[in-house]
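Participant: My questions are about this predicted structure, shown below with the sequence.
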Amino acid sequence: MTSPTPQDATAEALIAPPVDPETWCTPAQYGELYAASLRDPDGFWALQADRIDWSAKPTRINRSSFDPVDIRWYEDGELNLCFNCVDRHVFAGHGGDTALIWEGDTPGDVRSLTYDDLLREVQAMAGALKTLGAQKGDRVTIYMPMVLEGAIAMLACARIGAVHSVVFGGFSPEALAGRIEDCASRFIVTADAGMRGGKTVPLKANVDAALEQHGIDVEAVLVVRHTGSDVTMTEGRDHWYRDVAATVPATCPCEPMGAEDPLFILYTSGSTGKPKGVLHTTGGYAVWVATTFHYAFDYRPGEVYWCTADIGWVTGHSYSVYGPLLNRATSLLFEGVPNYPDHSRFWDMCERHGVNIFYTAPTAIRALMREGDAPVERHDLSALRLIGSVGEPINPEAWRWYHRVVGKGQTPVIDTWWQTETGGIMITTLPYAHAMRPGSAGLPFFGIDPELVDADGNILDGATEGNLCIAASWPGQARTVYGDHDRFVQTYFSTYKGKYFTGDGCKRDEDGYYRITGRVDDVINVSGHRMGTAEVESALVLHPRVAEAAVVGFPHDIKGQGIYCYVTLNVGEEADDALTAELKALVRKEIGPIATPDHLHFTPALPKTRSGKIMRRILRKIAENDVGALGDTSTLADPAVVDALIAGRRVV
Ligand code: WTA
């Protein structure tokens, strides 16, 4: 199996960008703006703040510190993000422009909303939430398929000052329950069911299971009718959205929000423990996503923009909903999957909707590349002007296919590196300003000062490889972990004091281009979905026959990384196919189908140091089939364990 991780993308030649006189950023402008953003960050970010309509304009720009950790941007500013995404465009006379286009799982099942329509819909949803008792500061869990009402619910929360916590519809009831409980969310917005690839996802039933199995008492569950599937409605708790919306006033005012008032919580996986509720606030996030969207996608009015991410992930938050709408873009939302009803679905949709800008994940690109060029070539992609990638490293081979076949060798390709915690794009080439290097994300965005450090925290200069840190705050940075600021400090600011540590390894080449090499912690990236190996381990050890588990990633040619689980059973237990099936089912139940193990390796023992610490480095090497390079095994309590593991390894 070939590794999709670029081995040495720094050797890739630079590809000149197309020339476009209409671009928002020429090479010279980038140089000037980038220098200005580091020389005078307050001046630069005061200027960018003009992308937002503030009810009180901020005078204090950046008051952030990494030691002690206290991040604040525009703190005396006041705004409403929903107003900025919707109302102001209507007031400016653009109410007739298309804001959102939705296509369902079934091809051609299309609904679109103008900014006028969106304003009406958002006020209805905001009014419904208020009627049910939601107020400023309350947490609202959104567990939705990719339908218009998902985006509308996010905007409605922003309108009334409620804090949304979107939970991806592919997460199991267990995972949903944990996320509802962690932020003490008393309101849930869901749908009867969702559709993905012709299959029904029983969202409302999952909500019922989450609440009932965990004895969670919520104020209200608002249910959007989508598929028409049968659901059970609990009297007094569950409400059909349309029924409530029919009773509310046509208008619902925007709550004035402080720039540092919370906007949303989004759960993401880390090295240890349960997923963390990453908290973003209002003003800085708004400026950051508005600015990054403007420059990275070089968006021009009237264009159709499509980001294929689900709103359950940060990419869906920043670049399906907030970034595009702040820029008065037309954003396409898609409920389905790339291979249904066949592998040309993306290209069919690009053709039918006249998509100009297309943004997707390497895992989808690799899967579609495998189907050959024909499904792409059957469609007219002449409207495509810019294509992008996000979520995991893209190998040069997939990059080149994307550029050659989808972009016809003409469009710029942007490979955007960022994280849930960064709120928006941090490293990317800009489409008409920079030459592209397949496999390398490229250059830092305005205001971003990346540092590569060695294990001891020494800053490395020039062309080098190290751990990627960011030296100073930027407006879109997460402010804390909900309810656990210590964990925020520990996770991101304690490895290298005074710096934000990303958890990623990175190379910088002679041209100053950054290439992300992948996580250096116990987080794996499976099809662009971040997962903590500890979460999978916790699920496996719930099985009564399992004594211990250790989970690592291994290179997977479509998914980027696969999930490899080492499992030790209780004394006297034997592994069999039934147990394998039970363990896979258990992980799906605890987390969701995205975490299904690719491989279970039963072993009588795990390699441990004399102090009892599992040597994951060795487990990773064995899973990667790189057993010639195990390194120092002298600290192992019982070196024979390694030989047994190698012998027992099944090639995956
Ligand atoms: C990885 C998704 C290489 C990286 C926006 C990061 C990438 C993690 C890229 C964050 C990229 C994201 N090239 N790696 N262009 N984009 N990553 O929080 O390991 O879901 O730390 O945010 O994905 O994943 P998250």
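Facilitator: That came in fine, so what should we check first?
Participant: okay, CA-based contacts and neighbour counts for the rest of this
Facilitator: Noted.
Participant: Just list what the helix of greatest length in the chain packs against, helices and strands only.
Facilitator: Secondary structure of the chain read by DSSP state H shows that its longest helix is helix 115-131. In terms of contact count using 3 or more CA pairs under 8 Å, 6 or more residues apart in numbering; DSSP states H and E, helix 115-131 is assigned the packing partners strand 98-103, helix 148-160, helix 241-245.
Participant: Which one of these lies nearest to Pro275?
Facilitator: Taking CA to CA, helix 148-160 is the member of the helices and strands packed on helix 115-131 nearest to Pro275, at 20.8 Å.
Participant: Report the angle between the closest one and helix 115-131.
Facilitator: Orientation note: helix 148-160 sits at an angle of 70 degrees relative to helix 115-131 (axes from the mean of the first three to the mean of the last three CA atoms, to 10 degrees).
Participant: how far out from the middle of the chain is the helix or strand following helix 148-160?
Facilitator: Beyond helix 148-160 in the direction of the C-terminus, DSSP states H and E gives the next helix or strand as strand 163-166. Going by CA atoms, centre = their mean, to the nearest Å, the spacing between the C-alpha centre of strand 163-166 and its chain's C-alpha centre is 14 Å.
Participant: so what does strand 163-166 touch, helix or strand wise?
Facilitator: For strand 163-166, the contact count by 3+ CA pairs under 8 Å, 6+ apart identifies strand 139-143, helix 148-160, strand 262-268 as packing neighbours.
Participant: mind listing what the first one pairs with, with the direction of each?
Facilitator: Note on strand 139-143: by DSSP bridges, its sheet partners are strand 163-166 (parallel), strand 187-191 (parallel).
Participant: what comes up buried for the very next helix or strand once past the first one?
Facilitator: Sequence-wise, the next helix or strand downstream of strand 163-166 (DSSP H and E) is helix 173-182. Of the residues in helix 173-182, those with enough neighbours to count as buried (16 or more other CA atoms under 10 Å) are 173-180, 182.
Participant: Quick check: the residue of the stretch 151-300 of the chain found nearest the ligand vs Arg366, distance?
Facilitator: In the stretch 151-300 of the chain, no residue comes nearer to the ligand than Thr268, which is 6.6 Å away by CA to the nearest ligand atom. Between Thr268 and Arg366 the distance, using CA to CA, to the nearest Å, works out to 24 Å.
Participant: Show me which residues of the stretch 451-600 of the chain sit near the ligand.
Facilitator: Proximity of the stretch 451-600 of the chain to the ligand (CA under 6 Å from any ligand atom) is limited to residues 504, 516, 518-519, 529-530.
Participant: ok, which pair from those residues is furthest apart?
Facilitator: The two members of these with the most space between them (CA to CA) are Ile516 and His529, at 16.0 Å.
Participant: With neighbour numbers in mind, choose between these two.
Facilitator: More neighbours sit around Ile516 than around the other of Ile516 and His529, counting by other CA atoms under 10 Å; the figures are 26 against 17.
Participant: so the more buried one touches Pro393, yeah?
Facilitator: Yes: the pair Ile516 and Pro393 passes the contact test of CA atoms under 8 Å, sitting 6.4 Å apart.
Participant: What parts of the protein come near the ligand?
Facilitator: With CA under 6 Å from any ligand atom as the criterion, the chain meets the ligand at residues 315, 390-393, 415-420, 441, 504, 516, 518-519, 529-530.
Participant: Just confirm Val278 is within a helix.
Facilitator: No: the assignment for Val278 is strand, going by DSSP: H, G, I helix; E, B strand; the rest coil, so no helix is present there.
Participant: Residue ranges in the stretch 251-400 of the chain under the pLDDT threshold?
Facilitator: Using pLDDT under 70 as the threshold, the predicted model of the stretch 251-400 of the chain has no low-confidence range.
Participant: if we can go back for a sec, tabulate the strands paired with strand 139-143 in a markdown table, adding columns for mean neighbour count and distance to Thr603.
Facilitator: As requested, the strands paired with strand 139-143 are exported to a markdown table (neighbours: other CA atoms under 10 Å; distance: least, CA to CA, whole Å):
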| stretch | mean neighbour count | distance to Thr603 |
| --- | --- | --- |
| strand 163-166 | 27 | 38 |
| strand 187-191 | 27 | 42 |
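Participant: got TSV for those, with mean pLDDT too?
Facilitator: As requested, the strands paired with strand 139-143 are exported to TSV (pLDDT from 0 to 100):
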stretch	mean pLDDT
strand 163-166	98
strand 187-191	98
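Participant: out of these, which comes closest to Val641?
Facilitator: Go through the strands paired with strand 139-143 one by one with CA to CA and the one that ends up closest to Val641 is strand 163-166, at 43.2 Å.
Participant: hmm, which helix or strand of the protein has the shakiest average pLDDT?
Facilitator: For the chain, using mean pLDDT, DSSP states H and E, the weakest element among its helices and strands is helix 640-648, scoring a mean of 89.
Participant: And that helix, what's buried?
Facilitator: If you call a residue buried by 16+ other CA under 10 Å, then helix 640-648 has these buried ones: 641-642, 645.
Participant: next one: stretch 352-372
Facilitator: By neighbour count with 16+ other CA under 10 Å, stretch 352-372 contains the buried residues 353-369.
Participant: cool, and stretch 28-42?
Facilitator: When burial is assessed from 16+ other CA under 10 Å, stretch 28-42 yields the following buried residues: 30, 33-34, 36-38, 41-42.
Participant: any idea of the mean pLDDT in that stretch?
Facilitator: Taken as a whole, stretch 28-42 has an average pLDDT of 97.
Participant: From the chain's centroid, how far away is it?
Facilitator: Stretch 28-42 sits 28 Å away from the centroid of its parent chain (CA atoms, centre = their mean).
Participant: likewise stretch 91-102?
Facilitator: Distance, centroid of stretch 91-102 to centroid of chain: 26 Å (CA atoms, centre = their mean).
Participant: out of the strands paired with strand 139-143, nearest to Thr609?
Facilitator: Between Thr609 and these, the shortest gap by CA to CA is with strand 163-166, which sits at 40.1 Å.
Participant: CA atoms only: put the closest one into CSV for me.
Facilitator: Coordinates of the C-alpha atoms in strand 163-166 are reproduced here as CSV (Å, rounded to 0.1, in the frame of the first residue of the first chain):
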residue,chain,number,x,y,z
VAL,A,163,-24.3,29.6,21.8
HIS,A,164,-24.6,26.8,19.2
SER,A,165,-23.0,23.5,19.5
VAL,A,166,-23.4,21.6,16.2
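Participant: got the contact list for it?
Facilitator: Identification of contacts with strand 163-166 by CA atoms under 8 Å, 6 or more residues apart in numbering yields 136-144, 154, 157-158, 262-267, 311-313.
Participant: just the buried members of those?
Facilitator: Neighbour counting with 16+ other CA under 10 Å marks 136, 138-144, 154, 157-158, 262-267, 311-313 as buried within the contacts of strand 163-166.
Participant: For the stretch 201-350 of the chain, which residue gets nearest to the ligand?
Facilitator: Per CA to the nearest ligand atom, Thr315 is where the stretch 201-350 of the chain lies closest to the ligand, at 5.4 Å.
Participant: any residues touching the host helix or strand of that residue, and which ones?
Facilitator: Secondary structure assigned from DSSP H and E places Thr315 in helix 314-316. Residues from elsewhere that reach helix 314-316, judged by CA under 8 Å, 6+ apart: 266, 307-310, 419-420, 423-424.
Participant: what about 6 Å?
Facilitator: Counting by CA atoms under 6 Å, 6 or more residues apart in numbering, helix 314-316 makes contact with 309-310, 420, all of which sit outside it.
Participant: How about stretch 592-610?
Facilitator: 171-172, 563-568, 584, 588, 614-615, 635-637, 641.
Participant: please redo it, this time with the cut-off set to 7 Å
Facilitator: Outside of stretch 592-610, the residues within contact range by CA atoms under 7 Å, 6 or more residues apart in numbering are 170-172, 562-568, 575, 584, 587-588, 614-615, 635-637, 641-642, 645, 649.
Participant: Of those residues, keep whichever come out buried.
Facilitator: Restricting those to buried positions leaves 170-172, 562-568, 584, 587-588, 614-615, 636, 641-642, 645, 649, with burial counted as 16+ other CA under 10 Å.
Participant: Could I have the buried ones of the contacts of helix 314-316 as PyMOL selection syntax?
Facilitator: When burial is assessed using 16+ other CA under 10 Å, the buried subset of those is captured in PyMOL by this command:
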select buried, resi 309+310+420
